[in-house]
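1. turn this into a model:
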Amino acid sequence: MVNKMNDSNKSELILNLDKLHTTDLGMVRIKRNLSLEVDDVVNWCREKIQCSTAFITRRGKNWYVNVDNCEITVNAYSYTIITAHKKHD
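-> Numbers count the residues shown, from 1 in each chain. The predicted structure is shown next:
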């Protein structure tokens, strides 16, 4: 089931961006999946999440952020960036 988040729920993720982090393996996975050449993957994701074009939904224990042809998955409780991948049309 997909729920469209209202602004107050969406802002929960936005208000907690300072808690955003990932694991070493997560960093490698995100860089590989998105072909990123950046050192600070967490900051890259944080910037994408804050984009005005980001579409944020919450399904179960995860946030899903769709922006700029990619999807970022964030655990809703720990704010761990689990993965990110390119969207295929």
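2. quick check: buried residues in stretch 13-24?
-> Buried positions in stretch 13-24, judged by neighbour count with 16 or more other Cβ atoms under 10 Å: 13, 17, 20, 22. C-beta coordinates here come from the backbone N, C-alpha and C atoms, glycine included.
3. helix or strand: which one has Val65?
-> Using DSSP states H and E, Val65 sits within strand 62-67.
4. show me what that strand is packed against.
-> helix 41-50, strand 55-59, strand 70-75 (3 or more Cβ pairs under 8 Å, 6 or more residues apart in numbering; DSSP states H and E).
5. got the angle between that strand and strand 55-59?
-> 160 degrees (axes from the mean of the first three to the mean of the last three Cα atoms, to 10 degrees).
6. residue numbering should commence at 46 henceforth.
-> Noted, 46 is the first residue going forward, which turns the last one into strand 107-112.
7. show residues contacting strand 107-112.
-> 58, 90, 93-94, 96, 98-103, 116-121, 127, 132 (Cβ atoms under 8 Å, 6 or more residues apart in numbering).
8. endpoints of stretch 111-120, how far apart?
-> Start-to-end span of stretch 111-120 (Cα to Cα, to the nearest Å) is 15 Å.
9. just how off-centre is it within its chain?
-> Centroid separation for stretch 111-120 versus its chain: 5 Å, with Cα atoms, centre = their mean, to the nearest Å.
10. same check on stretch 89-109?
-> The answer for stretch 89-109 is 5 Å, by Cα atoms, centre = their mean.
11. buried residues in that stretch?
-> 89-91, 93-94, 99, 101-103, 108.
12. what angle do the helix or strand in which Ile75 is found and helix 86-95 make?
-> Ile75 is part of helix 69-79 when elements are defined by DSSP H and E. With the same axes, to 10 degrees defining the directions, helix 69-79 sits at 60 degrees from helix 86-95.
13. now the buried residues of stretch 89-109 as CSV including pLDDT?
-> As requested, those are exported to CSV (pLDDT from 0 to 100):
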residue, pLDDT
Trp89, 98
Cys90, 97
Arg91, 97
Lys93, 97
Ile94, 96
Ala99, 94
Ile101, 94
Thr102, 94
Arg103, 94
Trp108, 96
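14. now, which of those sits nearest Gly71?
-> Cys90 (10.0 Å; Cβ to Cβ).
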